[in-house]
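K.L.:
The following comprises the amino acid sequence and a computationally predicted model.
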Amino acid sequence: MAPRVLVSDKLSTTAVQIFKDRGVEVDYLPDLGKDKEKLLEVIGQYDGLAIRSATKVTEKLIAAATNLKVVGRAGIGVDNVDIPAASRRGIIVMNTPFGNSITTAEHAIALMFAVARQIPEANTSTHAGKWEKNRFMGVEITGKTLGLIGCGNIGSIVATRAVGLKMHVVAFDPFLSEQRAEELGVEKVELDELFARADFITLHTPLTDKTRNIINAEAIAKMKDGVRIINCARGGLVVEKDLIAGLKSGKVAGAGIDVFEVEPAEQNELFNMENVVCTPHLGASTSEAQENVALQVAEQMADYLVKGAVTNAINMPSITAEEAPRLKPFVKLAEVLGAFVGQVTEDPIKEVEILFDGSTAQMNTKALISAALAGLIRPQVADVNMVSAPIMVKERGIIVAEVKRDKSGVFDGYIKLTVKTEHMTRSIAGTCFSDGKPRFIQIKGINLDAEVGQHMLYTTNADAPGIIGLLGTVCGQNGVNIANFQLGRNRPGGDAIALLYLDAPFPEEVLAKLRAHETIDSAKRLQFDVGPA
Ligand SMILES: NC(=O)c1ccc[n+]([C@@H]2O[C@H](COP(=O)([O-])OP(=O)(O)OC[C@H]3O[C@@H](n4cnc5c(N)ncnc54)[C@H](O)[C@@H]3O)[C@@H](O)[C@H]2O)c1
Ligand SMILES: O=C(O)[C@H](O)COP(=O)(O)O
């Protein structure tokens, strides 16, 4: 059945066409995002939800979205999506991080000019036939210092444009390297220095716990008299009442505000103030940017729903459409390795090490780790997937380490998973042959070559005569056919294991009888999601 996507905000209809062309059914209901109740009613029917900033993807909506696999944000900010809730439910959240950056940077520059020259007020006055030539005295931008808070995609475009306008740019961004600052022609400074030196301040950070209220009364007090502030990033970065106080006192000479604490902002004291230029969250609103983000989000969502490719996901490693088919068998391998350990380990797991040997070390190991972790915790959390597994493993305080090394044995490449609990360390290694099927090649340091089946029986036992007969007889007596039987041992008479691939589940009630046998140390029935034989 074709996947179904709901577009619940106003997107360019290019997106609709792309979904259709890629075999995805699409409902374009651009006003539905604002109707919370109706959205809750219908969301259960959809595999994908394409949004801008009007649709709020809350925990409640996610709980009702029983089929949802992907939320696609046609734009940058995902603060309208409850990402932890989506991740816990295994829903990928993706955005289009570059499609509207130029447009938004241009809007910030436009607001800076509008504020510097009071263009909106001069326009209104002129339209009214007042010709108030003496009322509007602006300031030049040339030679002024621009303080940039946040120098990522949009901030760095603003920086280069401002340098072109002959401004001196100082930037505060904890993740900006000296080298990148030099390339952009900006001076990297601390925040207080930026406040002290900037004639114009423009914000380009996401809204996080660290950036919320970054422009408050205390910050404004540190600024130059007559500073002008531009916010095209997110409402919540600027404390509006403190900005209003600064404007009233004359400390702040003007402000250009595109984003507000409460949106839609229909009433706001800022609206009545002179030298405040406001736009209704228009940063991304150009035909070029909207085409870019609609096209990108539809391609990304369709690629995921149809081919399993992951691009620009906030909560999952990327998998390109080209690598998806090659990676798929190894994703399955990583998952069954995790599933083996998850099923045989009863103590709480404290540490996990995932070793990638040879060719597997060159693959997308982030995706493979997510798959291994999903397999590992699925025995405790049934509906975990590659998106939710890393967050759940972290919540459980399990430490995850990745090791990569060059080819070290007869296999082109293999993956080895080792877990530590309070009392023991357990490991399993596996590889994929050219048939694309996963194989276990080592358990507890004992080599073997075992195909992985949906139903399996795993025993640790004495390396003694009669084991094959015992297990064969017990299976036979209970009507369970053995498809494949693998034995391994570390040395003659030492530790031994048996792994049986069965056509049906081994009866739970017979396990105790098996475990009671003097040659059997432990017996576990296992299940793997590899489909029936
Ligand atoms: N007005 C609009 O319509 C519109 C359009 C697009 C984007 N945006 C918003 O613009 C903002 C920037 O987008 P972007 O694409 O440049 O994001 P980005 O992730 O590329 O850049 C953000 C930068 O902020 C920096 N940063 C993070 N925490 C910081 C802190 N505490 N102090 C200083 N810098 C910090 C990061 O290191 C990064 O370099 C986002 O909030 C986005 O939602 C608004
Ligand atoms: O984060 C973004 O991309 C912007 O805030 C644009 O939001 P919009 O798509 O609702 O215009």
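P.N.:
Everything's here; your move. Ligands and ions are numbered 1, 2, ... in the order given.
K.L.:
And residue 347, how far from ligand 2?
P.N.:
45 Å (CB to the nearest ligand atom, to the nearest Å). Placement of C-beta: from N, CA and C, glycine included.
K.L.:
three-state assignment of the residue in the stretch 251-400 of the chain that ligand 1 sits nearest to?
P.N.:
Nearest residue of the stretch 251-400 of the chain to ligand 1 (CB to the nearest ligand atom) works out as residue 283 at 2.4 Å. Three-state assignment for residue 283 (DSSP: H, G, I helix; E, B strand; the rest coil): coil.
K.L.:
I'd like to know how many residues surround it.
P.N.:
Residues lying near residue 283 (other CB atoms under 10 Å) number 27.
K.L.:
That one contacts residue 102, correct?
P.N.:
No - contact criterion CB atoms under 8 Å: residue 283 and residue 102 do not qualify, at 10.9 Å.
K.L.:
re earlier: what's the closest non-adjacent residue to the residue of the stretch 251-400 of the chain closest to ligand 1?
P.N.:
Of all residues not flanking residue 283 in the chain, residue 104 sits nearest, at 4.0 Å (CB to CB, 6 or more residues apart in numbering).
K.L.:
before we move on, the earlier item: and the residue of the stretch 251-400 of the chain closest to ligand 1, what pLDDT?
P.N.:
Predicted confidence (pLDDT) for residue 283: 98.
K.L.:
low-confidence ranges in the stretch 401-533 of the chain?
P.N.:
In the predicted model of the stretch 401-533 of the chain, residues 531-533 satisfy pLDDT under 70.
K.L.:
quick one: the strands in the stretch 201-350 of the chain?
P.N.:
Assigned by DSSP state E, counting those that start in this stretch, the strands in the stretch 201-350 of the chain fall at 227-231, 252-257, 276-278, 349-358.
K.L.:
Can you tell me the SS state at residue 9?
P.N.:
For residue 9, the assignment made with three-state DSSP gives coil.
K.L.:
Which residue comes closest to it once chain neighbours are left out?
P.N.:
Counting by CB to CB, 6+ apart, the residue nearest residue 9 is residue 52, at 3.9 Å.
K.L.:
gap between the residue in the stretch 1-150 of the chain positioned nearest to ligand 2 and residue 317?
P.N.:
Residue of the stretch 1-150 of the chain nearest ligand 2, by CB to the nearest ligand atom: residue 75 (2.6 Å). In this view, residue 75 and residue 317 are 22 Å apart by CB to CB, to the nearest Å.
K.L.:
I figured the residue nearest to residue 283 was touching residue 154, is that so?
P.N.:
Yes - counting by CB under 8 Å, residue 104 does reach residue 154; the two are 5.1 Å apart.
K.L.:
need the contact list for the residue of the stretch 351-500 of the chain found nearest ligand 2.
P.N.:
Using CB to the nearest ligand atom, the closest approach of the stretch 351-500 of the chain to ligand 2 is made by residue 387 at 21.5 Å. Residues near residue 387 by CB atoms under 8 Å, 6 or more residues apart in numbering: 86, 87, 90, 91, 92, 313, 315, 316, 370.
K.L.:
Show the pLDDT at it.
P.N.:
pLDDT, read off for residue 387, is 88.
K.L.:
Who's the closest spatial neighbour of residue 442, skipping the chain neighbours?
P.N.:
Closest residue to residue 442 apart from its sequence neighbours, by CB to CB, 6+ apart: residue 429 at 4.0 Å.
K.L.:
Paired strands for the one helix or strand that neighbour maps to, with orientation please.
P.N.:
Per DSSP states H and E: residue 429 is located in strand 425-432. Here strand 425-432 has these sheet partners by DSSP bridges: strand 413-421 (antiparallel), strand 438-443 (antiparallel).
K.L.:
could you dump these to JSON lines with distance to ligand 2 and mean neighbour count?
P.N.:
Formatted as JSON lines, the strands paired with strand 425-432 follow (distance: least, CB to the nearest ligand atom, whole Å; neighbours: other CB atoms under 10 Å):
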{"stretch": "strand 413-421", "distance to ligand 2": "38", "mean neighbour count": "21"}
{"stretch": "strand 438-443", "distance to ligand 2": "41", "mean neighbour count": "22"}
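K.L.:
ok, the residue of the chain found nearest ligand 1 - how many residues close by?
P.N.:
Proximity of the chain to ligand 1 (CB to the nearest ligand atom) peaks at residue 152, 1.9 Å away. As a burial measure, residue 152 scores 16 neighbours (other CB under 10 Å).
K.L.:
what does the stretch 51-200 of the chain have sitting close to ligand 1?
P.N.:
Residues of the stretch 51-200 of the chain found near ligand 1 (CB under 6 Å from any ligand atom) are 76-77, 97, 100-101, 104, 149-155, 172-175.
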